[in-house]
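Peer 1: A structural model of the following input is requested.
(one chain, ligands or ions: 1)
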Amino acid sequence: MILINENYLALKGSYLFSEMAKRINAHGGDIIKLGIGDVTRPLPPAVVDAMKEAVDDMATAQGFHGYGPEQGYAWLREAIAANDYAGLGIEADEIFVSDGAKCDTGNIQELFSPMCDVAVLDPVYPVYVDTNVMAGRAGDYDESKNAYSNITYLPCSADNGFKPAVPQKNVDIIYLCYPNNPTGTVLTKEELTEWVNYAKKSGALILFDAAYEAFIREDNVPHSIYEIEGAKEVAIEFRSFSKTAGFTGTRCAFTVVPKALMGADSDGELHSLNAMWNRRHSTKFNGVPYITQKGALACYSDEGKAQIKETIGFYLDNAKIIREGLKSIGIDCWGGVNSPYVWLKTPGGMPSWDFFDKLLDAGVAGTPGAGFGSAGEGYFRLTAFNTKENTLKAMEKVSSLKL
Ligand code: MLT
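Peer 2: Numbering: from 1, shown residues only. Reported below is the predicted structural model:
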């Protein structure tokens, strides 16, 4: 009999969003979905046109593309460097195009020793924790604490504005996601500088998930961790076209691994993380389709940029409807200003899965905070990814709940 990777046995239950989908389907009825953060608006026309042209290329002998470079076509990597990292000194060969930030944030931990200590914010995007469980870094799951014994959790609550202080002890790997999933909160430049300084001092590596960067509207909120002095020596950054340009079903993202980033082997010899990620990418990944990368490139055209701005503005208007709707019925909430996510305190401290069921009965699906970690208990997440009409209808349903 084949022996299994027993680390999988330490995984708790099913993946959060699969569990929610199961419960929503079992419930049936007409449900307005404000749960999983999946975009609802169509691809920007500039992207669609570019992809159609790319399909035509593929139909000709001259324009046909087979395997592309695993790291992404140079024209896309250069466009990313010139647009997303203008003035920040990130070079095209530090950018790795992939099929998603979920995959990259999940896979990156392969580069690090099983002995590394991992810190996450709590509540947290479950992929960071689960992939470390699979790799054997997380220790045992304690159901009563909804926590793994070897993971350092940094609790975020209304008391600390969902912005925990840097850890008291030294950890090796820190996952940060800003604008934050699930709380929708952001860090100022000064606050992010504290994390970079901590990493520099302690030798930790920051894995910075900036998948929601396009939603940033306020000044003094960094769009990239590389805006912070010295971050290139301590941070890897993840970005995605998913939430930016409606690519959740189209799949394109990228990860920045600066050449200045080094890791040590057990003899203390230093190795380039850029070279290691390049090696992994070349071995395990065969590149994002040419047609998809052409679509991603169109995001950087003038039309593409304007269309994306309009779509993000649309979602942020929905977020405002949600925030104002919640406040009008006395429910405290956060986020939704630089993020598609609104994080709310459940009325009367109701357990978040109970609130999920109550809302589902009223015809609205959201995400229970406890699904993101123990500090998420008593909170709930709603997304702005829907039509305006459905968002308004959902808020009417929430308002009519007997709470
Ligand atoms: C979410 O709802 O948190 C997102 O859909 C997660 C993801 O992008 O995988």
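
Peer 1: Please list all residues in contact with Glu389.
Peer 2: Contact criterion Cβ atoms under 8 Å, 6 or more residues apart in numbering gives no residues in contact with Glu389. Where you see a C-beta, it was placed from the backbone N, CA and C, and this is true even at glycine.

Peer 1: Alpha carbons of whichever strand or helix holds it, in PDB - could you do that?
Peer 2: Element membership of Glu389, judged by DSSP states H and E, is helix 388-399. Written as PDB, here are the backbone C-alpha positions of helix 388-399 (Å, rounded to 0.1, in the frame of the first residue of the first chain):
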ATOM      1  CA  LYS A 388     -25.200  47.300  -7.600                       C
ATOM      2  CA  GLU A 389     -28.800  46.000  -7.700                       C
ATOM      3  CA  ASN A 390     -27.900  42.800  -5.800                       C
ATOM      4  CA  THR A 391     -25.700  44.700  -3.300                       C
ATOM      5  CA  LEU A 392     -28.600  47.000  -2.500                       C
ATOM      6  CA  LYS A 393     -31.000  44.100  -2.300                       C
ATOM      7  CA  ALA A 394     -28.600  42.200   0.000                       C
ATOM      8  CA  MET A 395     -28.400  45.200   2.400                       C
ATOM      9  CA  GLU A 396     -32.200  45.400   2.500                       C
ATOM     10  CA  LYS A 397     -32.200  41.800   3.500                       C
ATOM     11  CA  VAL A 398     -29.600  42.300   6.200                       C
ATOM     12  CA  SER A 399     -31.500  45.400   7.500                       C
END
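
Peer 1: Can you point out the buried residues in that helix?
Peer 2: The neighbour-count criterion (16 or more other Cβ atoms under 10 Å) identifies Asn390, Thr391, Leu392, Ala394, Met395, Val398 as the buried residues of helix 388-399.

Peer 1: try stretch 306-319
Peer 2: Those buried within stretch 306-319 under the rule 16+ other Cβ under 10 Å are Gln307, Ile308, Thr311, Ile312, Tyr315, Leu316, Asn318, Ala319.

Peer 1: so what does the one helix or strand Lys327 maps to touch, helix or strand wise?
Peer 2: Using DSSP H and E, Lys327 falls within helix 302-328. Contacts defined by 3 or more Cβ pairs under 8 Å, 6 or more residues apart in numbering; DSSP states H and E place helix 302-328 against helix 45-58, helix 242-245, strand 333-335, strand 341-345, helix 388-399.

Peer 1: can we see that at 10 Å?
Peer 2: Under the contact criterion of 3 or more Cβ pairs under 10 Å, 6 or more residues apart in numbering; DSSP states H and E, the helices and strands touching helix 302-328 comprise helix 45-58, helix 242-245, helix 290-298, strand 333-335, strand 341-345, strand 379-383, helix 388-399.

Peer 1: what about the nearest residue in space to Glu53 that is not next to it in sequence, how many residues close to it?
Peer 2: Nearest in space to Glu53, with sequence neighbours left out and distances taken as Cβ to Cβ, 6 or more residues apart in numbering, is Lys294 at 6.9 Å. Using other Cβ atoms under 10 Å, Lys294 is surrounded by 23 other residues.

Peer 1: which parts of the stretch 51-200 of the chain sit against the ligand?
Peer 2: Taking Cβ under 6 Å from any ligand atom as the test, the list of the stretch 51-200 of the chain residues beside the ligand reads Lys102, Tyr125, Asn181.

Peer 1: run the last query once more with 8 Å
Peer 2: For the stretch 51-200 of the chain, the residues in contact with the ligand under the definition Cβ under 8 Å from any ligand atom are Gly100, Ala101, Lys102, Tyr125, Val127, Asn181, Pro182.

Peer 1: Among these, which one lies nearest to Asn274?
Peer 2: Closest approach between these and Asn274, by Cβ to Cβ: Ala101, at 17.9 Å.

Peer 1: How is His65 classified with respect to secondary structure?
Peer 2: Secondary structure of His65, reduced to three states by DSSP: H, G, I helix; E, B strand; the rest coil: coil.

Peer 1: What are the phi and psi values at it?
Peer 2: Torsion angles at His65 (phi, psi; degrees, to the nearest 10) stand at phi -130, psi 120.

Peer 1: surely it meets Ile291?
Peer 2: Yes. With the criterion set as Cβ atoms under 10 Å, His65 and Ile291 qualify as a contacting pair; they are 8.6 Å apart.
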